[in-house]
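Peer 1: got a predicted model here, sequence first, then my questions.
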Amino acid sequence: GDSVIQMQGQVTLSENDFLFINCTYSTTGYPTLFWYVQYSGEGPQLLLQVTTANNKGSSRGFEATYDKGTTSFHLQKTSVQEIDSAVYYCAMRAANSAGNKLTFGIGTRVLVRP
Amino acid sequence: EAAVTQSPRNKVAVTGGKVTLSCNQTNNHNNMYWYRQDTGHGLRLIHYSYGAGSTEKGDIPDGYKASRPSQENFSLILELATPSQTSVYFCASGEGRDGGQLYFGEGSKLTVL
């Protein structure tokens, strides 16, 4: 079946540090990949979407890269700020997904200390 | 204006009791979803719907039922709640033509004692 593996459970950084979160996926065909962010007390919201067409996406200083060869995708930000403290989820929509379903990773809790 | 709203936001239930979580969306999306969020598991899909009158099983449907009486409303029903169903539940809506992203509500925290 379809799956997404997100290994890092928690990352603690200082302001202006570099953030890197990696996910790998397993599915048939070429999926669409997403990064969602969840701030405390809120529901997840879309941060970035990456399709096979462009292999990269960027938003709010974050950049996402999709490597079809290694079936992996990662999220990075050069200089994090305290407001970036949140839980980050990678997610996948399989190429033949019924109902437009998304499969999520376990999430990475990012804590940025001032 | 929140486009996906859930109720109740917090619920305490007893084992064996019936729990209904409700979701309303104003996005006019055909598809709606129920996920549960647990530490170490992330977001897991329980049920989803293509439109009014349809419900489909997700990845972890056991112990849950769903109801989609209209385009706007999607409910998750726990007929006999168990402590293992203590979790935070998220409703979402989405549409393929919108690039496939999902729009989530703020969550419903359920505690089963």
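Peer 2: Structure's in. What do you need? Residues are numbered from 1 along each chain as shown, chains lettered A, B, ... in the order given.
Peer 1: tell me the bridge partners for the residue of chain B found nearest chain A.
Peer 2: Closest residue of chain B to chain A, C-beta to the nearest C-beta: B:Phe104 (3.4 Å). Quick note: C-beta positions are derived from backbone N, CA and C, even for glycine. Counting by DSSP bridges, B:Phe104 is bridged to B:Ala92.
Peer 1: pLDDT value on it, please?
Peer 2: In this model, B:Phe104 is scored at 96, pLDDT.
Peer 1: ditto for B:Gly100
Peer 2: On the pLDDT scale, B:Gly100 is placed at 73.
Peer 1: ok, it - contacts?
Peer 2: When contacts are counted by C-beta atoms under 8 Å, 6 or more residues apart in numbering or on different chains, B:Gly100 is found next to A:32, A:34, A:49, A:93, A:100, A:102, B:94.
Peer 1: again, but for A:Thr70
Peer 2: With C-beta under 8 Å, 6+ apart, A:Thr70 has these contacts: A:Thr24.
Peer 1: repeat that for the one 4 residues further on.
Peer 2: Each residue near A:His74 by C-beta under 8 Å, 6+ apart is listed here: A:20-23, A:64-65.
Peer 1: want to throw the contacts of B:Gly100 into a markdown table with neighbour count and secondary structure?
Peer 2: Formatted as a markdown table, these follow (neighbours: other C-beta atoms under 10 Å in any protein chain shown; DSSP: H, G, I helix; E, B strand; the rest coil):
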| residue | neighbour count | secondary structure |
| --- | --- | --- |
| A:Thr32 | 21 | strand |
| A:Phe34 | 27 | strand |
| A:Gln49 | 19 | strand |
| A:Arg93 | 24 | strand |
| A:Asn100 | 23 | helix |
| A:Leu102 | 28 | coil |
| B:Gly94 | 26 | strand |
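Peer 1: now these as JSON lines including distance to B:Thr111?
Peer 2: Listed next are the contacts of B:Gly100 as JSON lines, based on distance: C-beta to C-beta, whole Å:
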{"residue": "A:Thr32", "distance to B:Thr111": "35"}
{"residue": "A:Phe34", "distance to B:Thr111": "30"}
{"residue": "A:Gln49", "distance to B:Thr111": "34"}
{"residue": "A:Arg93", "distance to B:Thr111": "32"}
{"residue": "A:Asn100", "distance to B:Thr111": "31"}
{"residue": "A:Leu102", "distance to B:Thr111": "26"}
{"residue": "B:Gly94", "distance to B:Thr111": "28"}
